[in-house]
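# with the sequence up front, the predicted model follows.
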Amino acid sequence: MKTECKQVTIIGGGPSGLIAAQFLSQYKNLHIHLYEHKASVGRKFLIAGRGGLNLTHSEQAAVFKTRYGSAEHFLSPSLKDFSPEDLQNWAAELGVETFTGSSGRIFPKEMKSTNLMRAWTKSLVEAGVEVHLKHAFAGFDDLDNVIVESGGQSRSVPSDAVLFAMGGASYPHLGATATWVPAFEKQNISVTPFRPMNTGFDIHWSSFLLKYEGSALKNIRFTFKDETSRGDAIMTRYGIEGGAVYALSRSLVSAMEDTGSATLLLDLRPDLSRDELATRLSVPRKKQSLSSFLRKRLKLSPLEIALLNEFGDDIRTTSPEAIAQIIKSLPLPLTNYQPLKKAISASGGVALNEFNDDLMLVQHPGWFAAGEMIDWDAPTGGYLLQACFSTGIKAAKGIKKWLEVQAT
């Protein structure tokens with residue numbers, strides 16, 4: 001007896017939608033249609049790969065999952081279904097070797113995404129996935145079918161199962177516009193408002209400090225309340241950005257929404273204790289200026305010395321112990337955070353309690369969601385992309401399971 005072919009609709013051509021399409025394409029009784037409103041798929045993925053595509057991280061699973069904060073429990077099953085090791089194996093199957101950097105981050109050996117995306121899309125076409133470009137999600141019809149719009153024309157898309165993978169609200173020029181939110185709310189699906197994650201923060205620099213725009217702070221540590229983050233940061237005209245500050249952005253944004261400001265503590269020499277610094281500074285300075293003395297004794301850069309002068313006490317008249325304390329805990333007053341359109345990612349999206357264990361929306365059987373349009377967030381370092389892949393696979397397995405149940 002011939003098996004009836006089922007229609008699966010995927011809305012969104014980012015990593016979550018693409019990996020789900022690839023997984024489902026192995027089942028010959030499924031006809032996969034993927035709709036992407038841009039002229040090509042994977043636009044944000046390709047942009048992320050320009051500076052070295054950080055696919056995932058090599059941390060132990062027990063530590064890895066904690067990076068997702070309050071969404072750890074929700075995401076853990078997805079991370080088990082498609083782990084960092086699975087992601088590396090997937091890339092290898094597409095002919096792309098990976099390596100682990102000194103920071104534990106995992107990259108393609110060629111440090112870019114173009115060849116990986118090329119091999120990936122080729123495999124999808126060969127597997128029979130039908131990709132419809134320049135087709136935008138436009139809501140639902142009276143029968144709850146998805147409506148897509150292209151070239152000013154709209155049509156309903158009857159489906160046996162639907163996966164929504166339309167992204168969040170960051171980098172809207174690459175496709176994640178969150179214009180889907182009103183249509184979902186009309187379906188009584190709870191959506192948490194989007195707010196920036198992995199974003200820069202405003203600091204009022206003096207005109208003197210502005211000359212350091214674009215300069216890097218290397219191997220520093222930031223502390224906010226009981227959280228710390230170590231890495232690098234970049235001085236910008238508006239303030240500061242970079243991995244070391246992005247890792248704390250979840251708490252910093254929350255604090256600023258509550259109180260309107262936040263103070264970030266900067267440790268310029270995390271490998272040295274306060275006592276070690278004080279000892280190095282206790283030798284006679286003689287006729288050296290303080291700047292020259294700090295540069296020679298601690299290898300502080302002109303930017304670091306400028307920051308000490310700007311935000312520390314009057315270090316020219318304080319003791320070695322006091323200067324050491326300032327170097328270890330320099331307060332940087334943040335006045336605002338950068339908006340969503342400039343954030344690498346966003347928190348917010350479809351509320352976690354809207355889903356069952358298979359990432360199906362409990363109020364709408366047969367509808368699934370994956371990736372950044374779900375209310376979870378992650379720091380940079382491979383965690384964001386890993387969860388997009390993992391939830392895409394989890395939802396795809398849920399679709400397969402759902403269709404099998406419906407067929408019995």
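Okay, I see it.
# where do the helices sit along the chain?
15-24, 43-48, 61-64, 72-81, 84-93, 114-126, 181-186, 243-246, 249-259, 274-281, 290-298, 302-311, 320-328, 383-407 (DSSP state H).
# how far off helix 114-126 does the fifth one point, in degrees?
Taking axes from the mean of the first three to the mean of the last three Cα atoms, to 10 degrees, one finds helix 84-93 and helix 114-126 inclined to each other by 80 degrees.
# kindly report the domain assignment for the chain.
Domain assignment for the chain by automatic domain parsing gives 6-196+343-407, 201-337.
# now do the buried residues in the lowest-mean-pLDDT helix or strand in the chain.
For the chain, scoring each helix and strand by mean pLDDT, DSSP states H and E identifies helix 43-48 as the least confident one, at a mean of 85. Neighbour counts over helix 43-48 (16 or more other Cβ atoms under 10 Å) mark R43, K44, F45, L46, A48 as buried. For the C-beta atoms, the positions are set from N, CA and C on the backbone; glycine is no exception.
# in the protein, where is pLDDT below threshold?
By pLDDT under 70, the weakly predicted segments of the chain are 1-3, 49-51, 316-317.
# re earlier: tell me which of the domains of the chain sits most buried.
Most buried of the domains of the chain, by mean neighbour count (mean count of other Cβ atoms under 10 Å): domain 6-196+343-407, with a mean of 19.
# surely Q7 meets H31?
Yes. Contact status for Q7 versus H31: in contact at 5.3 Å, counting by Cβ atoms under 8 Å.
# show the backbone phi and psi for the residue nearest to A71 when sequence neighbours are not counted.
Of all residues not flanking A71 in the chain, W376 sits nearest, at 3.6 Å (Cβ to Cβ, 6 or more residues apart in numbering). Main-chain torsions, W376, degrees, to the nearest 10: phi -140, psi 160.
# could you do G168 as well?
G168 adopts backbone torsions of phi -100, psi -120, taken as degrees, to the nearest 10.
# keeping just the C-alphas, turn stretch 208-215 into CSV.
C-alpha atoms of stretch 208-215 as CSV (Å, rounded to 0.1, in the frame of the first residue of the first chain):
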residue,chain,number,x,y,z
PHE,A,208,40.1,62.8,25.8
LEU,A,209,39.0,59.1,25.9
LEU,A,210,37.2,59.4,22.6
LYS,A,211,40.5,59.3,20.8
TYR,A,212,40.8,55.6,21.9
GLU,A,213,37.7,54.7,19.8
GLY,A,214,38.2,51.3,18.3
SER,A,215,41.0,50.3,20.7
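# list the contacts of it.
Identification of contacts with stretch 208-215 by Cβ atoms under 8 Å, 6 or more residues apart in numbering yields I234, M235, T236, R237, P302, L303, A306, L307, E310.
# and those residues, which is closest to Q26?
Of all those, Q26 sits closest to I234, with 43.2 Å by Cβ to Cβ.
# next one: stretch 172-184 to chain centre, how far?
Distance of stretch 172-184 from its chain centroid, counting by Cα atoms, centre = their mean, to the nearest Å, is 17 Å.
# any idea how far apart the tips of it sit?
19 Å (Cα to Cα, to the nearest Å).
# ditto for stretch 239-257
Its first and final residues considered, stretch 239-257 spans 18 Å by Cα to Cα.
# gap between that stretch and the chain center?
For stretch 239-257, the distance to the chain centre is 13 Å (Cα atoms, centre = their mean).
# likewise for stretch 247-260?
17 Å.
# what's next to that stretch, contact-wise?
Under Cβ under 8 Å, 6+ apart, the answer for stretch 247-260 is 69, 195-199, 201, 222, 224-225, 227, 229, 231, 245, 262, 264, 334, 336-337, 347, 377, 379-381.
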